[in-house]
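Asker: Structural data only, the sequence is not supplied:
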């Protein structure tokens, strides 16, 4: 079972919007609306930012939004801020055996 | 408010078995709302799902680790555990315990993580 595919890095200037893609297969992202996104700052535990493709946990800024088309999910961050600089991981339920699969991670740099 | 805390050895020898415990405070691990899992992260690398246990006691594991992993729950102690056998250097990682609302496959509660090195 291969990891979901994410770009290794993305960057943007403060105030801009960026989108991180997460490509899976018809066995995971393409079939289940159970995609989540995590933000991880260096030395810290991951933090859930998006779940069920589009939902935000309480307390997460509405600058973060999620979407999905076919086998690819996306995380969009609008109005970039310095504190958004972190690693971002996507994750999907993968069905058989009730497994979960993560993406390889994307490093976001705020210029 | 639920909080998780991992505990266990920071150094284990190759071929031995790693045993980690996650203590849950602020709630019961028997709650049908949550399932409890383990995720690891090798130094400088990404997250890897290990497995999880539901309130029913059913367990689900990453197929690549299944032969070496056992996750158990101890509701009376508000703890769940991870056993990983036949360790190699490739198992060196930060190990996180986490909780997910059942039905979401999204871990919304995480422990701080514990670093485990496999070395002789």
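Answerer: Structure's in. What do you need? What you are looking at is a predicted structure, and each value in this text was computed from that prediction instead of being measured.
Asker: Lowest-scoring secondary structure element of chain B by mean pLDDT?
Answerer: strand B:59-61 (a mean of 93; mean pLDDT, DSSP states H and E).
Asker: Please name every helix or strand in contact with that strand.
Answerer: With contacts defined as 3 or more CB pairs under 8 Å, 6 or more residues apart in numbering or on different chains; DSSP states H and E, the packing partners of strand B:59-61 are strand B:48-53, strand B:69-74. (Each C-beta comes from the backbone N, C-alpha and C, glycine too.)
Asker: Please identify the deepest-packed of those strands.
Answerer: Most buried of the helices and strands packed on strand B:59-61 by mean neighbour count (mean count of other CB atoms under 10 Å in any protein chain shown) is strand B:48-53; its value is a mean of 23.
Asker: That one - which strands sit beside it in the sheet, and in what orientation?
Answerer: Here strand B:48-53 has these sheet partners by DSSP bridges: strand B:34-41 (antiparallel), strand B:59-61 (antiparallel).
Asker: by how many degrees do the first one and strand B:69-74 diverge?
Answerer: What separates the directions of strand B:34-41 and strand B:69-74 is an angle of 140 degrees, with axes from the mean of the first three to the mean of the last three CA atoms, to 10 degrees.
Asker: mind listing what's buried in strand B:34-41?
Answerer: B:34, B:35, B:36, B:37, B:38, B:39, B:40, B:41 (16 or more other CB atoms under 10 Å in any protein chain shown).
Asker: what does the model give the fifth one for pLDDT?
Answerer: The one in question is residue B:38. Listed pLDDT for residue B:38 reads 98.
Asker: Now do the contacts for it.
Answerer: Going by CB atoms under 8 Å, 6 or more residues apart in numbering or on different chains, residue B:38 touches B:20, B:22, B:50, B:51, B:52, B:71, B:82, B:95, B:96, B:97, B:98.
Asker: Quick check: neighbours of the lowest-mean-pLDDT helix or strand in chain A in the sheet, parallel or antiparallel?
Answerer: Ranking every helix and strand in chain A by mean pLDDT, DSSP H and E puts strand A:100-102 at the bottom, with a mean of 95. Strand A:100-102 sits in its sheet next to strand A:86-93 (antiparallel), going by DSSP bridges.
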